[in-house]
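Engineer: Structure here, sequence nowhere to be found:
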């Protein structure tokens, strides 16, 4: 089965439309450490992550790398970049082996975005990303580290057993030492349990009390 068949965004496509989508798409396999795209590159394809973990980052002077986000399957990446015909503002690297479907955006726009249902779904996807960025900015400005960690755990509860602590610290822009101290506090309160480098959520409701 084509990896986009059970992708929520394309659920409304008819068989005829999906056949057209397949013709303008290609499936690409990536190994851990592969670069999906570089900051400053022109984007010509919609990038749909169907397997693996993708790290998005910016590189500053002296090669310092700042992690901006992690994306997990199944997720559409950087729709706004294509929609506004911009260059990538950041780079992306696979932290695991992965798979993506690259859709020729010019053809996708011409064939599909004239369909009101698909256009609305695309706009909703863009809106979710904008809201997420607003949330990240607000959290960093108004929340202390404990609140940010607890909120992250609750919002990613279904992925915590797969997320290494290093990912979380990078996403929240806190030191690994600070994260470890906060996680120990939560573990002592029996809100989470730790298995090597991974976290298991026990009581998200009580965790939420740290940021609500």
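Structural biologist: Structure's in. What do you need? Computed from a predicted structure; not experimentally measured.
Engineer: just the strands in the protein please.
Structural biologist: Assignment of strands within the chain using DSSP state E yields the ranges 25-30, 35-37, 45-51, 53-59, 65-72, 75-77, 91-94, 98-104, 192-195, 198-201.
Engineer: and residue 127, which of those strands is closest to it?
Structural biologist: Comparing the strands of the chain against residue 127 with CB to CB, the closest turns out to be strand 75-77 (12.7 Å). All C-beta atoms are positioned from the backbone trio N, CA, C, and that covers glycine.
Engineer: before we move on, back to that, want to throw the strands of the chain into TSV with distance to residue 2 and mean pLDDT?
Structural biologist: Putting the strands of the chain into TSV (distance: least, CB to CB, whole Å; pLDDT from 0 to 100) gives the following:
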stretch	distance to residue 2	mean pLDDT
strand 25-30	8	94
strand 35-37	20	92
strand 45-51	10	91
strand 53-59	20	84
strand 65-72	20	78
strand 75-77	15	85
strand 91-94	21	91
strand 98-104	8	93
strand 192-195	35	80
strand 198-201	31	80
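Engineer: and those as TSV, adding mean neighbour count and distance to residue 17?
Structural biologist: Listed next are the strands of the chain as TSV, based on neighbours: other CB atoms under 10 Å; distance: least, CB to CB, whole Å:
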stretch	mean neighbour count	distance to residue 17
strand 25-30	15	12
strand 35-37	18	26
strand 45-51	21	15
strand 53-59	18	27
strand 65-72	16	25
strand 75-77	20	17
strand 91-94	20	28
strand 98-104	20	13
strand 192-195	14	44
strand 198-201	16	39
